[in-house]
Structure formats: structure tokens, C-alpha cells
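Visitor: test case, fold it:
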Amino acid sequence: MRALITGGSDGLGAAVVRHLTQAGAQVWIIDKTAPQTNPSLRFLPCDLAQPDDLAGLPARLQQAGPFDLVVMSAGINAVGPFEAMPLTTIRNLHAINCVAPILLAQHLLAQDLIAAGGRLIFIASVSHFTGYPGASVYAGGKDALVAFARSLRRPLWADHRITVQVATPGPMRTAHAARHAPPGSTGRGRACPDRIARAILRSKRRAVIVPGVASQAMALFGRLFPVQATQAMRKMLYERLV
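Guide: The predicted structure is shown next:
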């Protein structure tokens, strides 16, 4: 198997890379910084916030592809009151979380760099199932990926037998999550990235993957009691930030 992972140097992306390499897959990583744990991995430096960097990726990947699995895992967060968020922060969030995976998917498909019968997975967020006060821009970009994946799913399956999926994990024990957590957070309720990665990789046909018991409970709560779920999220994040 040949796999391409964005954001594969850290967090959930790195966990996906670990599982794939342990299974014997050939893995290519797209990220700004090289992975620290395994420098021998195939690494393509790229600033996903820069359209010119993105446009040049297919040419650099021609000899590596086509890929049997592509995981769009790169993502960043920013928290705080929306009305006080700097414009540069909003633009950067959408550039990396939303625009980059869409443009990269377009480039890969146009160059036939996703193999027939392959999988294309977008990493969104469990915030898809509930309001996310305190991280509204992040939630908006991730929700856009859900709609984008849904729109691609049938055409790509019909024409190329490519399975398009979206995963909606909740908070995980990563350095990035710790940086954006409200004061006093211990991280005890956050999921292990390796468990989430394993659940995502094992769900080979499910259109929307909700990995982990905590995420499944949050998604169910959001579906059944949307107002109460958003109020709970407000207390857990927004009210602890302001």
C-alpha cells in the first residue's frame, strides 16, 4: 500500500503514520516540519497555507503515486471570542483546515494520483454534531470538509471506485490540543491519538467515521439535544477563556 498523509509529523497524523508503517505501507508525509521520531520516512516539506506550495505538490508526487490511501490530517486551531479574533488568524485557519485539503484533493485527482479503489479521508471534528462556542472559526472550516466530502462521495465512487470518508474525532492528547485548551485543563478526558487512528483506518466503508466512545457519546448528545450540547460546550471552553 502507498499512503499520503498531510500533517503526518505530529498529533493524529503521526499516529496514522505509525499504524501504516507498522503494517508495512509505504508512507509519504506532507508537513511544514519533518517528523522527529523517524527521520527516514518519506517527507515532503510544504506550507499548506500557501497556494503556490500546494500547486507544486503533484509534480513532486508523480513518481510516488498513485496512492491507495490519502489522509488529509493537517489542521490548526484558535480559540477565543470570535469578535476579537484577528483577521490573519481567521484566514490562516481556513487556509490550512479547509482550503488546503480541497485544493490538494483537486490536484491529486486531476493528476490521477489517487488509485482506483483507493480511499480519501478528510479529518474534520466532532464539532460537526454540536455548536462550538470559543472555536467557531475552527468548527466552520471543519464542517465545510464534511459537506465537501459528502459532495465528492458519489461521483468519485461511480467514476473511479474511490471511497471518500470523513472522520470526526473529539479532543485528543496532543501537544496542539494542550496549547489551545482553557486554563486549568488536565487533558484527562482526551482520547489517545493511536486509538483514534486505528479506528479511522479500520472503518473502510463508513461515510462518516466517529472514532472513539467519547466522540460517539458527544455526537449522540448533539443530535438528540442540540441546544443543551452547545450550552455544555460553551461552559467547557468559551466561558473558561473569557
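Visitor: every contact and neighbour count from this point should use C-alpha atoms.
Guide: OK.
Visitor: please enumerate the strands of the chain.
Guide: With DSSP state E as the criterion, the chain has strands at 2-6, 26-31, 42-45, 67-72, 114-123, 163-167, 208-209.
Visitor: just the ones you listed: most buried one?
Guide: Highest mean neighbour count among the strands of the chain (mean count of other C-alpha atoms under 10 Å): strand 163-167, with a mean of 25.
Visitor: partner strands of that strand, parallel or antiparallel?
Guide: Partners of strand 163-167 in the sheet, by DSSP bridges, are strand 114-123 (parallel), strand 208-209 (parallel).
Visitor: state the mean pLDDT of it.
Guide: For strand 163-167, mean pLDDT rounds to 96.
Visitor: gap between C98 and V70?
Guide: 16 Å (C-alpha to C-alpha, to the nearest Å).
Visitor: do G140 as well
Guide: 22 Å.
Visitor: then S136?
Guide: Taking C-alpha to C-alpha, one finds S136 at 27 Å from V70.
Visitor: and Y132, by the same measure?
Guide: 27 Å.
Visitor: neighbours of the residue lying closest to S127 once chain neighbours are set aside, just the number please.
Guide: Distances taken as C-alpha to C-alpha, 6 or more residues apart in numbering place A139 nearest to S127, at 6.0 Å, with adjacent residues excluded. Per other C-alpha atoms under 10 Å, the neighbour tally for A139 reads 21.
Visitor: right, and A139 touches F129 too?
Guide: No. Judged on C-alpha atoms under 8 Å, A139 makes no contact with F129 at a distance of 10.0 Å.
Visitor: now the most centrally placed residue in the chain, which residues is it bridged with?
Guide: The centre of the chain sits closest to I123, judged by C-alpha atoms, centre = their mean, with a distance of 2.7 Å. Bridge pairing for I123 (DSSP bridges) gives the partners A167.
Visitor: so what's it up against?
Guide: 71-73, 142, 145, 166-169 (C-alpha atoms under 8 Å, 6 or more residues apart in numbering).
Visitor: tilt between the longest helix seen in the chain and strand 114-123?
Guide: Identified as the longest helix of the chain according to DSSP state H is helix 136-160. Calculated by axes from the mean of the first three to the mean of the last three C-alpha atoms, to 10 degrees, helix 136-160 forms an angle of 160 degrees with strand 114-123.
Visitor: without its sequence neighbours, what residue ends up closest to A144?
Guide: In space, A144 is closest to C98, 6.8 Å off (C-alpha to C-alpha, 6+ apart).
Visitor: low-confidence stretches in the chain?
Guide: Within the chain, the ranges that satisfy pLDDT under 70 run 36-40, 174-189, 235-242.
Visitor: which residues in it form helices?
Guide: Going by DSSP H, the chain shows helices at 11-22, 51-55, 57-61, 87-94, 100-110, 136-160, 175-179, 193-202, 213-224, 226-233, 239-241.
Visitor: ok, which of those comes nearest A3?
Guide: helix 11-22 (8.0 Å; C-alpha to C-alpha).
Visitor: which of the residues in that closest one are buried?
Guide: Residues of helix 11-22 classed as buried by neighbour count (16 or more other C-alpha atoms under 10 Å): 11-20.
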